[in-house]
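[1] Mind folding the following:
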Amino acid sequence: MCICVNCNHVHICNTYALIKKQHAKSNFYMVTKFIPTQTIIQINIKSSSHNINSDWDLQECLSFAEKPGQWLTKDKNQIMNV
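    Predicted coordinates:
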């Protein structure tokens with residue numbers, strides 16, 4: 001599971017934006033102004049007889065600042081300024 005969902009920086013993080021893009025969220029757009037340090041992304045590749053899928057998850061990040069459920073925040077005024 002991606003640790004980004006419980007990080008205070010989730011709404012402005014360029015690594016999270018990259019992961020969302022890899023999850024084929026074509027209508028996903030995010031203004032990123034935060035670049036985390038020393039991230040480790042795990043990519044799981046799943047194959048079946050007709051296609052190959054990948055799942056990207058951030059496993060480690062030195063910039064992680066815990067704020068459980070931050071990804072659920074919809075109101076931009078509630079997002080902490082960095």
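
[2] What secondary structure category should be reported for the residue lying farthest from the centre of the chain?
    Residue farthest from the centre of the chain, counting by Cα atoms, centre = their mean, is Ser49 at 29.0 Å. For Ser49, the secondary-structure state derived from DSSP: H, G, I helix; E, B strand; the rest coil is coil.

[3] List the residues that contact it.
    Contact partners of Ser49, counting by Cβ atoms under 8 Å, 6 or more residues apart in numbering, are absent. Using the backbone N, CA and C atoms, a C-beta is placed for each residue, glycine as well.

[4] which residues touch the residue lying closest to Gly69 once chain neighbours are set aside?
    Nearest non-adjacent residue to Gly69, counting by Cβ to Cβ, 6 or more residues apart in numbering: Asn6, 7.0 Å away. Shown in contact with Asn6 (Cβ under 8 Å, 6+ apart): 66-71.

[5] and the gap between Asn6 and His50?
    Distance of Asn6 to His50, given as Cβ to Cβ, to the nearest Å: 35 Å.

[6] which residues touch Ile52?
    45-46.

[7] which residues does it form a beta bridge with?
    As for beta bridges, Ile52 partners with Ser47 under DSSP bridges.

[8] need the strands for this structure, in chain order.
    Along the chain, the segments classed as strands by DSSP state E run 39-47, 52-61.

[9] wait, which of these is closest to Ala17?
    Closest to Ala17 of these, according to Cβ to Cβ: strand 52-61, at 11.5 Å.
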